[in-house]
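Chemist: got a structure for you, letters missing:
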């Protein structure tokens, strides 16, 4: 009896995704936000008093945490009297009374359009105003008159001559007014205290690390969990106990996704002074909520009895697959078929996939609809490839313990064809996303994001080389000698190394999402 997925499952899945997009459609920021300039600039000396400080960013931002803090020469921390955000890229900080002479430090903390925290600091010096200079005033004292004697004759006999006194003026040198006294020296905060203030409290850095840890759990869960589901449908044909073990890995993946979401939520709270309802109004909050809910739905949806396991009929013809009423867990050739019971778990994965449309550079670079669609292709293809490698790795090690390599060669053959298409999709989608994010090829080496991307490309290239080795060397040999212990050991070794590389690639990806460009 053939088992088919009921069409309404897909309809329900599409309806949920459409509802999420309708309610949570994001407004797109034009670029990744970064600090551009300030007035005064870092280390500048300006004439006081200073009433305004201007900060410019490359894209829209909003104050976060402590916002803008000013360290005065007295050692006091001062907040702006008012903040004018203008268009969201320029903040004009007004101070009343204005800043007098001294050295100041300014520390700022903002959130970018994709809700990632950005902080920084700078210092400047305000000089005392220079007094207006005028010509020195001179004072000319009145001329001094000295007496002189002139004889005067009286009209009487025996007149007596009486000396007459006359005043004579003498020139005296002018005197100059006293000069204006010099301004008193200004008070300056000790350099050590200024450096400590400018260094900040590292809250944003700590929050960034918490976010990376959370995203690592989420990415690992999604890539390996969704890829395992794809491998169960298209690649793995084996025993019932192997299929049950793979479904256990899917549930563990759901738990990892939810755990990562909770960790990311904690990181958001470190930089957002908001309650949960306010945080859910941000794109970052929506993304994290979708991860938490999606992970829990995957955990619940992929319960032990999810889907159906069908095996070859016990007849001379093995062309018909039937449900086995009394299954033999050791019988080979069984495969897992998703049914309506798997719809809940698949919806959970869809919610997690949708979360990436509200986070990282998907909302901050390029045209959002194109970037979101390409991102979806990239993640799905990466899950099929990396998750398929992980699923095969667990299967071949299980078969080593049971000493039963049945169907290993055909499993490798089936996966090789699928992996080739997945690798091509990963490469094309990744290239489109990369050139949507960077402004010029040189950004791959001059920016933090670019350097991490180069490291990721190297990791993907190494994984692709191992895949090519399996495809062109091991697969043909296994088809001829499916029970060769040396070939099987070589396969286990290359698959294990490739899985390890994918873990490294996921770690780099979790860093990329929040890296500055």
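Modeler: Structure received. It should be emphasised that the depicted structure is a prediction, and the values quoted were computed from it without experimental measurement.

Chemist: What does the pLDDT read for residue 106?
Modeler: We have a pLDDT of 94 for residue 106.

Chemist: Kindly indicate whether it is helix, strand or coil.
Modeler: strand (DSSP: H, G, I helix; E, B strand; the rest coil).

Chemist: what number of residues lie near residue 268?
Modeler: For residue 268, the count of nearby residues is 23 (other Cβ atoms under 10 Å). (Each C-beta comes from the backbone N, C-alpha and C, glycine too.)

Chemist: so it touches residue 286, yeah?
Modeler: No. Using Cβ atoms under 8 Å as the test, residue 268 is too far from residue 286 to be in contact (11.0 Å).

Chemist: Next, find the distance separating residue 491 from residue 393.
Modeler: Relative to residue 393, residue 491 is positioned 9 Å away (Cβ to Cβ, to the nearest Å).

Chemist: Show me the beta-bridge partners of residue 119.
Modeler: Counting by DSSP bridges, residue 119 is bridged to residue 109.

Chemist: any idea how far stretch 276-284 is from the chain center?
Modeler: Distance, stretch centre to chain centre, for stretch 276-284: 16 Å (Cα atoms, centre = their mean, to the nearest Å).

Chemist: try stretch 80-96
Modeler: The answer for stretch 80-96 is 25 Å, by Cα atoms, centre = their mean.

Chemist: what's in contact with it?
Modeler: Stretch 80-96 has contacts (Cβ atoms under 8 Å, 6 or more residues apart in numbering) with 50-63, 67-68, 70, 78.

Chemist: same check, this time on stretch 460-480
Modeler: 385-386, 389, 408-409, 412-413, 416, 419-420, 423, 426, 430, 484, 487-488, 490-491, 494-495, 497-498, 501-502, 505.

Chemist: so where do the helices sit in the stretch 251-400 of the chain?
Modeler: Here the stretch 251-400 of the chain has its helices, by DSSP state H, counting those that start in this stretch, at 276-279, 283-301, 343-355, 368-382, 388-402.

Chemist: can those helices go into JSON lines with extra columns for mean pLDDT, distance to residue 336 and mean neighbour count?
Modeler: Shown next, in JSON lines, are the helices of the stretch 251-400 of the chain (pLDDT from 0 to 100; distance: least, Cβ to Cβ, whole Å; neighbours: other Cβ atoms under 10 Å):
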{"stretch": "helix 276-279", "mean pLDDT": "75", "distance to residue 336": "38", "mean neighbour count": "12"}
{"stretch": "helix 283-301", "mean pLDDT": "94", "distance to residue 336": "14", "mean neighbour count": "24"}
{"stretch": "helix 343-355", "mean pLDDT": "96", "distance to residue 336": "12", "mean neighbour count": "23"}
{"stretch": "helix 368-382", "mean pLDDT": "89", "distance to residue 336": "19", "mean neighbour count": "18"}
{"stretch": "helix 388-402", "mean pLDDT": "94", "distance to residue 336": "11", "mean neighbour count": "20"}
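
Chemist: Residue 513: which of the ones you listed is closest?
Modeler: Among the helices of the stretch 251-400 of the chain, helix 283-301 comes nearest to residue 513, with 9.9 Å by Cβ to Cβ.

Chemist: Which is the succeeding secondary structure element to the helix or strand of the chain with the lowest mean pLDDT?
Modeler: Lowest by mean pLDDT, DSSP states H and E among the helices and strands of the chain is helix 7-24, with a mean of 43. Counting by DSSP states H and E, the next helix or strand C-terminal to helix 7-24 is strand 35-39.

Chemist: for that following strand, packing partners?
Modeler: With contacts taken as 3 or more Cβ pairs under 8 Å, 6 or more residues apart in numbering; DSSP states H and E, strand 35-39 sits against strand 50-57, strand 117-127.

Chemist: Confidence-wise, which of these is weakest overall?
Modeler: Note on those: lowest mean pLDDT is at strand 117-127, with a mean of 89.

Chemist: Enumerate the positions of that one that are buried.
Modeler: For strand 117-127, burial by neighbour count (16 or more other Cβ atoms under 10 Å) applies to 117, 118, 119, 120, 121, 122, 123, 124, 125, 126.

Chemist: residues near residue 192, how many?
Modeler: The burial count for residue 192: 8, using other Cβ under 10 Å.

Chemist: quick one: it is in a strand?
Modeler: No. Residue 192 is assigned helix when assessed by three-state DSSP, not a strand.

Chemist: What pLDDT does the model give it?
Modeler: Model confidence at residue 192 (pLDDT) stands at 76.

Chemist: From residue 69, how far out is it?
Modeler: In terms of Cβ to Cβ, residue 192 sits 18 Å off from residue 69.

Chemist: Make a markdown table out of the helices of the stretch 251-400 of the chain and add distance to residue 441.
Modeler: What follows is the helices of the stretch 251-400 of the chain, written out as a markdown table (distance: least, Cβ to Cβ, whole Å):
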| stretch | distance to residue 441 |
| --- | --- |
| helix 276-279 | 37 |
| helix 283-301 | 29 |
| helix 343-355 | 29 |
| helix 368-382 | 19 |
| helix 388-402 | 30 |
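
Chemist: Which one, of the ones you listed, ends up nearest to residue 208?
Modeler: Per Cβ to Cβ, nearest to residue 208 of these: helix 283-301, 12.3 Å.

Chemist: Return the list of helices and strands in contact with the closest one.
Modeler: Short answer (3+ Cβ pairs under 8 Å, 6+ apart): helix 283-301 packs on helix 203-234, helix 240-271, helix 343-355.

Chemist: In CSV: those, plus distance to residue 74.
Modeler: Converted to CSV, those look like this (distance: least, Cβ to Cβ, whole Å):
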stretch, distance to residue 74
helix 203-234, 25
helix 240-271, 29
helix 343-355, 48
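
Chemist: Quick one: closest of those to residue 449.
Modeler: Minimum separation from residue 449 across the helices and strands packed on helix 283-301 (Cβ to Cβ) falls at helix 203-234, 13.5 Å.

Chemist: any idea of the mean pLDDT for that closest one?
Modeler: The model assigns helix 203-234 a mean pLDDT of 91.

Chemist: cool, stretch 404-412 as well?
Modeler: Rounded mean pLDDT across stretch 404-412 is 85.

Chemist: buried ones in it?
Modeler: With burial defined by 16+ other Cβ under 10 Å, the residues of stretch 404-412 counted as buried are 405, 406, 407, 408, 409, 411, 412.

Chemist: what's the closest of the helices and strands packed on helix 283-301 to residue 451?
Modeler: With Cβ to Cβ as the criterion, residue 451 lies closest to helix 203-234 of those, at 15.7 Å.

Chemist: Give me the angle between that closest one and helix 343-355.
Modeler: Between helix 203-234 and helix 343-355, the angle comes out at 140 degrees (axes from the mean of the first three to the mean of the last three Cα atoms, to 10 degrees).

Chemist: now the angle from helix 203-234 to helix 240-271?
Modeler: 160 degrees.

Chemist: so helix 203-234 versus helix 388-402, what angle?
Modeler: Helix 203-234 and helix 388-402 meet at an angle of 60 degrees, taking the same axes, to 10 degrees as the criterion.

Chemist: Quick one: work out the angle between helix 203-234 and helix 283-301.
Modeler: Angle, helix 203-234 to helix 283-301, by the same axes, to 10 degrees: 40 degrees.

Chemist: what's the angle between helix 203-234 and helix 368-382?
Modeler: Angle, helix 203-234 to helix 368-382, by the same axes, to 10 degrees: 60 degrees.

Chemist: what comes up buried for helix 203-234?
Modeler: For helix 203-234, by 16+ other Cβ under 10 Å, it's 203-204, 207-208, 210-232.

Chemist: ok, now stretch 67-77?
Modeler: 67, 68, 69, 70, 71, 72, 73.
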